[in-house]
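**Q** Sequence first, then the predicted structure:
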Amino acid sequence: MKRNHRLLDLLRKGRSPLENHLIDGFVDGRVSRREFLRHGSVLGLSVPLLSATTGALGFQLATSSPARAASGGTLRVGQIVPAGSIEPAKIADGGGITVLSQVAENLVLSAPDLTAQPLLALSWAPNDDGSVWTFKLRPGVKFHDGRVMNAGDVVATFDRLTDPEVGSNALSAFTGVLSKGGTRKVDDLTVEFHLDAPNGSFPFTVSTDNYNAVILPADYAGDFEAKMNGTGPFKMVSYAAKQGASFERNPDYWGGAPLLDRVEFSFYDDYQPQILALLGNEIDVVQYIPVLQAAAVMSNPEIAVINTPSSAHEQVHMRNDMAPFTDKRVRQAIALCLDRNQLVQGLMRGMAEVGNDSPFMPAYPSTDKTVAQRDIDIATARQLMEAAGMPDGFEVELTTEKYQEIPEYAQVIQNAVREIGGRITLNIMDQGAYYGDAVPGKSAWLDSTLGITDYGHRGVPNVFLQAPLLSTGTWNGAHFNNKEYDGLVSGYVAALDLEAQRSAAGKIQRLLLDETPIIFGYFYNFLTATRTGVSGVVPTAMSHLFLQQASL
């Protein structure tokens with residue numbers, strides 16, 4: 001792209017060296033439009049600036065009153081039953097996230113186009129090295145009890161989430177990033193986050209990617225289910241565990257009162273009953289449909305399917321400290337048994353992207369696309385097994401959860417490794433039993449020799465790089481311990497510019513291909529179904545369901 005000096009001078013005026021570095025790259029053509037939108041949003045460049053420079057964003061949640069042309073009515077939603085109580089700090093399942101997203105909100109929206117967009121925060125900006133981020137809060141936001149949200153509520157929320165004594169699920173994202181006491185009030189509408197280490201993608205850590213990080217009143221003391229006092233577009237009317245929930249329009253919502261009068265949620269133990277209820281006009285929306293069960297609705301003219309690409313995936317972890325996986329050649333051999341294109345086209349019906357055994361999906365701007373794609377190679381896999389002293393193969397149990405297509409994926413792996421003498425027995429558990437207490441010694445997920453675990457979408461790969469793969473990672477089911485990897489991830493997370501991120505990413509991708517602690521076979525799309533006549537439903541691949549614009 002030819003440099004336009006007048007445009008460049010206009011864009012650069014009053015901006016930081018880091019922002020100007022990004023703008024220079026875009027004007028020079030070194031940074032693509034998508035990368036500029038994505039990275040500029042993380043650094044807090046305003047939506048008007050980004051839009052004026054590149055054209056309108058591909059996705060934006062409404063932040064002003066919607067049109068009232070189709071107001072009123074009750075929307076009926078089907079979803080999987082929440083796995084536990086609706087406690088913001090502890091939620092770790094899709095069903096709970098869907099409920100929580102009706103009543104409570106994050107500072108930042110992680111949008112489907114991988115940009116960071118304003119929710120309860122209007123803007124954010126880092127200092128020179130990304131160790132301190134300053135957030136400006138949206139004024140006039142009210143909790144459901146009428147109190148106005150301020151910086152004190154934000155500080156209390158993050159001190160709660162980062163307190164090891166609380167045991168928040170959000171510690172998986174905050175460990176090594178933000179500690180208790182690191183969130184500080186500047187004034188009623190300004191908060192500073194003083195981080196444990198520089199972080200170039202920090203806004204995503206407090207975004208909807210981190211579903212636990214919804215802002216609650218400073219004096220919140222637990223029992224969220226009793227009142228569900230948040231800032232969201234709907235207020236709780238009733239909640240019955242294992243059965244359903246009712247919500248009514250929040251007339252004081254900062255984004256304008258929702259169009260709908262009410263939303264009624266019905267909880268289901270499985271997906272097929274939800275599909276039957278949708279086809280029978282008993283409900284209007286199914287929050288999520290697994291690909292393998294979507295055939296009944298994909299071609300039905302009365303049903304519309306919202307297909308959201310994502311970084312969600314199923315991680316196949318292999319215990320690096322337990323036989324037969326102490327030898328990386330065995331881990332490599334198993335990875336070489338999988339036909340990834342067949343996984344995408346067969347198992348996932350084409351609604352996924354091929355994975356390359358690292359968290360860097362192709363759509364991430366920081367992914368180094370020069371790294372060679374791993375593909376099926378049985379001959380090399382057999383050579384690796386012989387070199388590892390296991391020409392006759394191995395025996396192992398694969399433990400996993402009964403969720404989405406995971407049981408079928410487990411069978412694919414079971415059949416594939418027979419080519420190298422692998423004898424796998426399957427142990428398919430209910431989700432609650434599989435996750436257990438989610439700590440080593442009390443969790444089949446973290447203790448199993450071989451396992452498959454579902455990971456929801458994130459707008460940046462940081463959580464995937466840290467929680468399941470760092471030697472100190474809270475979700476390190478592979479028990480992977482590699483100091484070189486830890487150092488590379490530290491450098492990647494600290495990088496503020498896209499070029500530095502991509503350079504670090506390439507080294508990480510190649511190291512993980514060599515070590516293969518985890519198989520990342522594919523990244524799947526997120527499917528939401530609605531009856532025709534329903535509009536304005538906005539799902540995320542993290543299981544949020546935004547309904548403030550929905551109408552009948």
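**A** Everything's here; your move. Numbers count the residues shown, from 1 in each chain.
**Q** what does stretch 189-201 contact?
**A** For stretch 189-201, the surrounding residues in contact (Cβ atoms under 8 Å, 6 or more residues apart in numbering) are 42, 126, 129-137, 139, 150-151, 154-155, 158, 176-179, 182-186, 202, 205-206, 460, 462, 490, 493-497, 501. The C-beta positions use only the backbone N, C-alpha and C, and glycine is treated the same way.
**Q** Contacts only, for the spatially closest residue to F546 that is not a sequence neighbour.
**A** Leaving aside its sequence neighbours, F546 sits nearest to V538 (Cβ to Cβ, 6 or more residues apart in numbering; 4.0 Å). Counting by Cβ under 8 Å, 6+ apart, V538 makes contact with 61, 545-547, 549-550.
**Q** Looking at those, which has the smallest pLDDT value?
**A** Minimum pLDDT for the contacts of V538 is recorded at L61 (55).
**Q** can you list contacts of the helix or strand where A379 lies?
**A** Element membership of A379, judged by DSSP states H and E, is helix 378-387. Helix 378-387 is contacted from outside by 329-330, 332-334, 336-337, 391, 393, 419-421, using Cβ under 8 Å, 6+ apart.
**Q** hmm, try it at 10 Å
**A** Contacting residues not belonging to helix 378-387 are listed as 324, 327-339, 377, 390-394, 416-417, 419-422 [Cβ atoms under 10 Å, 6 or more residues apart in numbering].
**Q** Filter the residues you listed down to the buried ones.
**A** 324, 327-339, 390, 393-394, 416-417, 419-420, 422 (16 or more other Cβ atoms under 10 Å).
**Q** Now, these that are in helices?
**A** Counting by DSSP state H, the buried ones among the contacts of helix 378-387 place 328-336, 416 in helices.
**Q** Using CSV, please lay out those together with distance to M385.
**A** CSV is the format used below for those (distance: Cβ to Cβ, whole Å):
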residue, distance to M385
K328, 12
R329, 7
V330, 7
R331, 11
Q332, 10
A333, 5
I334, 9
A335, 12
L336, 10
A416, 13
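**Q** okay, these in a markdown table with pLDDT and distance to T472 next?
**A** Below are those laid out as a markdown table (pLDDT from 0 to 100; distance: Cβ to Cβ, whole Å):
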| residue | pLDDT | distance to T472 |
| --- | --- | --- |
| K328 | 98 | 21 |
| R329 | 98 | 26 |
| V330 | 98 | 25 |
| R331 | 98 | 21 |
| Q332 | 98 | 25 |
| A333 | 98 | 28 |
| I334 | 98 | 26 |
| A335 | 98 | 25 |
| L336 | 98 | 29 |
| A416 | 98 | 32 |
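**Q** Give me the mean pLDDT for the helix ranked longest in the chain.
**A** In the chain, assigned by DSSP H, the helix with the most residues is helix 498-515. Average pLDDT, helix 498-515: 96.
**Q** what helices or strands is that helix leaning on?
**A** helix 17-28, helix 33-42, helix 328-336, helix 462-466, helix 483-494 (3 or more Cβ pairs under 10 Å, 6 or more residues apart in numbering; DSSP states H and E).
**Q** One more pass at 6 Å, please.
**A** Packing partners of helix 498-515 (3 or more Cβ pairs under 6 Å, 6 or more residues apart in numbering; DSSP states H and E): helix 483-494.
**Q** List of residues touching the helix it packs on?
**A** With contacts defined as Cβ atoms under 6 Å, 6 or more residues apart in numbering, helix 483-494 is touched by 198-199, 462, 465, 470-471, 504, 507-508, 511.
**Q** Filter the residues you listed down to the buried ones and express that as a PyMOL selection.
**A** Restricted to buried positions by 16+ other Cβ under 10 Å, the PyMOL selection for these reads:
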select buried, resi 198+199+462+465+470+504+507+508+511
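**Q** Helices along the stretch 251-400 of the chain, start to end?
**A** With helices called from DSSP state H, counting those that start in this stretch, the stretch 251-400 of the chain shows them at 272-279, 295-298, 328-336, 340-342, 378-387.
**Q** So which of these is the most surrounded?
**A** Here the criterion is mean neighbour count by mean count of other Cβ atoms under 10 Å, and of the helices of the stretch 251-400 of the chain the winner is helix 328-336, at a mean of 23.
**Q** Domain map for this protein?
**A** Here the domain parsing of the chain from automatic domain parsing is 5-54, 61-104+232-306+528-552, 105-224, 313-524.
**Q** Can you check which of the helices of the stretch 251-400 of the chain gets nearest to G222?
**A** When the helices of the stretch 251-400 of the chain are compared by Cβ to Cβ, helix 272-279 sits nearest G222, at 30.9 Å.
**Q** Which stretches in the stretch 301-450 of the chain count as strands?
**A** Using DSSP state E, counting those that start in this stretch, the strands of the stretch 301-450 of the chain run over 303-308, 313-318, 352-354, 394-401, 422-429, 450-455.
**Q** need the contact list for C337.
**A** 381, 416-417, 419.
**Q** Present these as a markdown table; the columns should include distance to N212.
**A** Listed next are those as a markdown table, based on distance: Cβ to Cβ, whole Å:
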| residue | distance to N212 |
| --- | --- |
| A381 | 40 |
| A416 | 36 |
| V417 | 36 |
| E419 | 42 |
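**Q** wait, which of those is closest to G477?
**A** Nearest member of those to G477, counting by Cβ to Cβ, is V417, at 18.7 Å.
**Q** Need the pLDDT of S51.
**A** 42.
**Q** so where's the protein uncertain?
**A** For the chain, the stretches with pLDDT under 70 are 1-70.
**Q** now V81: how far from V141?
**A** As judged by Cβ to Cβ, to the nearest Å, V81 and V141 stand 31 Å apart.
**Q** and those two? which has more neighbours close in?
**A** Taking other Cβ atoms under 10 Å, V81 and V141 do not tie; V141 has more neighbours (21 against 16).
**Q** Can you name the residues that contact that one?
**A** Here V141 is in contact with 149, 231, 254 (Cβ under 6 Å, 6+ apart).
**Q** at 10 Å instead, please
**A** 105, 119-120, 147-150, 153, 189, 215, 231, 252-255.
**Q** Make a markdown table out of the helices of the stretch 251-400 of the chain and add distance to D219.
**A** As requested, these are exported to a markdown table (distance: least, Cβ to Cβ, whole Å):
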| stretch | distance to D219 |
| --- | --- |
| helix 272-279 | 38 |
| helix 295-298 | 45 |
| helix 328-336 | 49 |
| helix 340-342 | 50 |
| helix 378-387 | 58 |
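**Q** got the angle for the host helix or strand of V77 vs helix 272-279?
**A** With secondary structure defined by DSSP H and E, V77 is part of strand 74-80. Angle, strand 74-80 to helix 272-279, by axes from the mean of the first three to the mean of the last three Cα atoms, to 10 degrees: 160 degrees.
**Q** Distance check, F523 against D128.
**A** Distance from F523 to D128, counting by Cβ to Cβ: 34 Å.
**Q** And the two? Which one has more around it.
**A** A direct count of neighbours by other Cβ under 10 Å for F523 and D128 places F523 higher, at 26 against 11.
**Q** Quick check: that one touching S358?
**A** No. Under the criterion of Cβ atoms under 10 Å, F523 is not in contact with S358, lying 11.2 Å apart.
**Q** what ranges do the strands span in the stretch 101-250 of the chain?
**A** Counting by DSSP E, counting those that start in this stretch, the strands of the stretch 101-250 of the chain are 108-110, 116-118, 121-126, 132-137, 183-187, 190-194, 234-240, 244-249.
**Q** highest average neighbour count across those strands?
**A** strand 108-110 (a mean of 28).
**Q** Please tell me how far that one is from the chain's geometric centre.
**A** Between the centre of strand 108-110 and the centre of its chain there are 11 Å (Cα atoms, centre = their mean, to the nearest Å).
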